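> Quick one: sequence and predicted model below, then my questions.
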Amino acid sequence: MAHYPPPPPGGGFPPAATPPDPYAHERALAEWARQRGYFLSPAADLAWYRAWAPFSFLFPIQRVGRELRMSAGEAMVWVVEAFEGDAVKEVAGEDRHLTCFLTSPKLAYRAAIRSKSTGGLVSELSRGLDDLFGSPKPAVGGVIGDPAFEARFDVAVPTREEASAALTMPLRQQLLQGGFRGVLELRAGGLVCAMFDRPGFDPVSLDGTLAWFGQIYRAATQYPHAVTPPP
């Protein structure tokens with residue numbers, strides 16, 4: 001009888017794990033949008049968003065990504081991935097901003113604000129250099145006569161009178177108490193809002209973004225007087 005050496009230990013490996021589905025996120029996002037009656041597009045129309053320019057504080061939009069569209073009463077809303085096209089910010093992951101656009105006949109006045117805290121390292125450095133070497137800044141409270149608000153936000157307005165109409169007290173309170181960081185630009189018939197703290201384009205993040213954006217819009221249209229067109 002032949003002599004055999006002991007065989008080496010067997011493998012007995014468990015079945016290979018099912019590889020993750022690379023499209024699971026997109027399918028979940030599409031199903032979330034379908035359930036809510038939203039329209040989801042993988043690529044938005046860059047020309048339409050650029051046609052909103054000029055802006056006071058919003059970055060020039062160089063390209064756009066995914067887009068979510070919906071209607072809410074008299075308002076039409078678009079949420080889009082907007083990119084600055086800044087190479088340094090792109091490397092730092094600060095080039096992309098979730099930006100909301102809204103049209104509504106309720107909006108009647110013009111004003112623009114930008115939080116003095118941007119939340120991004122490159123943006124904060126750029127702001128610091130601009131403060132050192134840029135044009136002199138107006139005194140806090142010197143634009144709209146609200147030192148508490150202007151300590152937190154840069155403000156650009158046509159006139160102080162129109163600013164008082166556009167930046168309603170409910171809106172100022174909402175932005176201050178909610179710790180808003182971003183850009184908000186109001187105009188007759190529409191507004192644009194880029195939130196620095198809400199970059200996610202997923203169901204949970206978008207639910208929160210839309211809820212916050214809705215509060216801003218409602219506060220912006222709580223005019224204490226009859227609406228009159230800007231001069």
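Nice, I can see it.

> Output the lowest mean pLDDT helix or strand found in the chain.
For the chain, using mean pLDDT, DSSP states H and E, the weakest element among its helices and strands is helix 121-133, scoring a mean of 49.

> Pull out the buried residues from the helix or strand just after it.
Using DSSP states H and E, the helix or strand that follows helix 121-133 in sequence is helix 147-150. Neighbour counts over helix 147-150 (16 or more other Cβ atoms under 10 Å) mark 149, 150 as buried. Quick note: C-beta positions are derived from backbone N, CA and C, even for glycine.

> for helix 147-150, packing partners?
helix 169-177 (3 or more Cβ pairs under 8 Å, 6 or more residues apart in numbering; DSSP states H and E).

> which outside residues touch the biggest helix by length in the chain?
Ordering each helix of the chain by length in residues (DSSP state H) puts helix 203-220 first. Applying Cβ atoms under 8 Å, 6 or more residues apart in numbering, the contact partners of helix 203-220 are 28-29, 32, 68, 72, 75, 77, 79, 98, 100, 102, 104, 107, 166, 168, 170-171, 173-175, 178, 180, 184, 186, 191, 193, 195, 198-200.

> repeat that for 6 Å
Applying Cβ atoms under 6 Å, 6 or more residues apart in numbering, the set of residues contacting helix 203-220 from outside is 32, 100, 170, 171, 174, 198.

> Tell me who's in contact with residue 44.
By Cβ under 6 Å, 6+ apart, the contact list for residue 44 reads 64, 67, 80.

> angle of the longest helix of the chain against helix 169-177?
Helix 203-220 and helix 169-177 are oriented at 140 degrees to each other (axes from the mean of the first three to the mean of the last three Cα atoms, to 10 degrees).

> before we move on, the earlier item: now, the contacts of residue 44 that are in helices?
Going by DSSP H, the helices hold none of the contacts of residue 44.

> Scan those residues and report the most crowded one.
residue 80 (24 neighbours; other Cβ atoms under 10 Å).

> doesn't residue 67 make contact with it?
Yes - applying Cβ atoms under 6 Å, one finds residue 80 in contact with residue 67, separated by 4.6 Å.

> How confident was the prediction at residue 191?
Here the pLDDT value assigned to residue 191 is 97.
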